[in-house]
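Novice: return atomic coordinates for the entry below.
(one chain, ligands or ions: 2)
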Amino acid sequence: MKLYRTTTGFYAEQNGSFYSVEASDWDQLIASPDVYERVKTALSGKPLSSLDESQILAPVGNQEVWAAGVTYFRSRDARIEESKDAGGGTFYDRVYNAERPELFFKATGRRVVGPYHPVRIRTDATWSVPEPELTLLISSTGVITGYTIGNDMSSRDIEGENPLYLPQAKVYDGSCALGPALLLTPDPLPRITSIQLHVDRNGSTIFSGATTLAELKRDPKLLAAYLFRDNTFPHGAFLMTGTGIVPGDDFTLSSGDVVRITIDTIGTLENPVA
Ligand code: DO4
Ligand code: MG
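Specialist: Ligands and ions are numbered 1, 2, ... in the order given. Purely as a prediction, here's the structure:
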């Protein structure tokens with residue numbers, strides 16, 4: 001079952017039919033550990049004929065968005081390479097193998113864009129990439145209650161110059177896209193779930209890549225548990241789980257590119273680059 005936040009209200013989707021969800025407060029709804037049961041009651045209502053895609057908003061209100069890093073071997077390799085001149089390389093290998101994951105603050109709701117809205121590259125960056133990431137919805141009680149698609153836009157030249165610049169490489173207006181829907185399920189997603197990234201420029205695909213959750217080194221439940229250690233999230237939280245797809249070193253995003261991220265069973269998140 002999927003849940004959408006739109007300009008006209010909240011909607012559940014089951015088997016291609018859409019139902020209005022009676023709730024007035026998005027934060028309260030998605031922070032609840034019972035969000036699945038609460039949204040399920042909508043399915044006894046009259047289905048709508050369709051949902052206007054242009055009305056879909058990012059599924060985030062007052063939640064903080066956090067991100068895990070170096071959770072795939074491909075990300076470890078890429079970071080070692082980009083930071084080797086700065087002497088940062090061994091840190092990435094060490095965090096890939098450590099018990100404690102890398103977790104960093106990514107965005108407030110204000111910095112997040114929804115489907116079809118532009119993500120941004122920093123004006124002072126020269127090497128920018130999208131990072132397609134399975135994103136967890138975590139209730140205020142620390143339970144994973146759903147999933148969405150995330151784009152952790154990143155400035156590789158800035159983080160490569162010095163790992164201490166990570167917050168500047170990662171956190172800025174339009175640096176994060178989430179959506180289009182929340183897939184609500186109490187079950188972990190299968191390891192065969194695929195994540196695909198396409199970047200189009202002038203109508204042609206200039207980069208495509210794919211991975212699966214089998215390549216994700218960390219258990220999502222453990223990532224959520226680390227995030228909730230000594231931290232409370234009254235509105236719940238989103239946690240991006242890291243990228244397993246990194247384009248080659250000669251690739252950088254340009255204004256006008258279109259980024260499409262597809263995750264099996266969740267959907268496709270599409271954003272132009274401003
Ligand atoms: O450590 C730098 C960022 C890592 C990251 O964002 C990722 O692996 O997805
Ligand atoms: Mg990332």
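
Novice: check which residues of stretch 212-220 are buried.
Specialist: Leu213, Glu215, Leu216, Lys217, Arg218, Pro220 (16 or more other C-beta atoms under 10 Å). To be clear about C-beta, it is placed using only N, CA and C from the backbone, and glycine gets the same treatment.

Novice: and those residues, which two are the farthest apart?
Specialist: Glu215 and Pro220 (13.4 Å; C-beta to C-beta).

Novice: ok, the residue in the stretch 51-200 of the chain positioned nearest to ligand 1 - contacts?
Specialist: Residue nearest to ligand 1 within the stretch 51-200 of the chain (C-beta to the nearest ligand atom): Gly69, separated by 2.8 Å. Applying C-beta atoms under 8 Å, 6 or more residues apart in numbering, we find Gly69 in contact with Ser75, Arg79, Val95, Pro101, Glu102, Leu103, Phe104, Gly242.

Novice: angles on the backbone of Thr145, please.
Specialist: Here is the backbone geometry of Thr145 (degrees, to the nearest 10): phi -110, psi -10.

Novice: re earlier: and the residue of the stretch 51-200 of the chain closest to ligand 1, bridged to which residues?
Specialist: Glu102 (DSSP bridges).

Novice: confidence score at it?
Specialist: pLDDT for Gly69: 97.

Novice: tell me the contacts of the closest residue to Thr135 other than its chain neighbours?
Specialist: In space, and not counting its chain neighbours, Thr135 is closest to Gly150: 3.6 Å by C-beta to C-beta, 6 or more residues apart in numbering. By C-beta under 8 Å, 6+ apart, the residues touching Gly150 are 65, 67, 132-135, 176-178, 238, 240, 261, 269.

Novice: what subset of these is also close to ligand 1?
Specialist: Among the contacts of Gly150, proximity to ligand 1 is found for Ala67 (C-beta under 6 Å from any ligand atom).

Novice: what is the nearest of the contacts of Gly150 to Gly142?
Specialist: Looking across the contacts of Gly150 and measuring by C-beta to C-beta, the closest to Gly142 is Phe238, at 13.2 Å.

Novice: on the pLDDT front, check the closest one for me.
Specialist: For Phe238, pLDDT reads 99.

Novice: then Gly87?
Specialist: 84.

Novice: the most far-flung residue of the chain relative to its centre sits in which helix or strand?
Specialist: Each residue of the chain has a distance to the centre, and by C-alpha atoms, centre = their mean the biggest one is for Lys46: 31.5 Å. In this structure, Lys46 sits in neither a helix nor a strand according to DSSP states H and E.

Novice: what's the helix or strand for the nearest residue in space to it that is not next to it in sequence?
Specialist: Closest residue to Lys46 apart from its sequence neighbours, by C-beta to C-beta, 6+ apart: Tyr19 at 7.7 Å. Taking DSSP H and E as the criterion, Tyr19 maps to strand 17-21.

Novice: distance between that strand and the chain's centre?
Specialist: 24 Å (C-alpha atoms, centre = their mean, to the nearest Å).

Novice: in the stretch 151-274 of the chain, which residue sits closest to ligand 2?
Specialist: Asp152 (3.6 Å; C-beta to the ion).

Novice: and that residue, what does it touch?
Specialist: Ala67, Lys106, Pro130, Glu131, Glu133, Lys170, Ser175, Cys176, Met240, Thr243.

Novice: same question for Thr212.
Specialist: Arg191, Ile192, Thr193, Ser194, Ile195.

Novice: of these - the most surrounded one?
Specialist: Of all these, Ile195 has the most neighbours under the rule other C-beta atoms under 10 Å, reaching 25 neighbours.

Novice: sec struct for that one, please.
Specialist: For Ile195, the secondary structure call by DSSP: H, G, I helix; E, B strand; the rest coil comes out as strand.

Novice: ok, which stretches of the stretch 151-274 of the chain are helices?
Specialist: 156-161, 166-170, 220-228 (DSSP state H, counting those that start in this stretch).

Novice: repeat for the stretch 1-150 of the chain
Specialist: If you assign secondary structure with DSSP H, counting those that start in this stretch, the helices in the stretch 1-150 of the chain sit at 26-31, 35-40, 73-82, 89-97.
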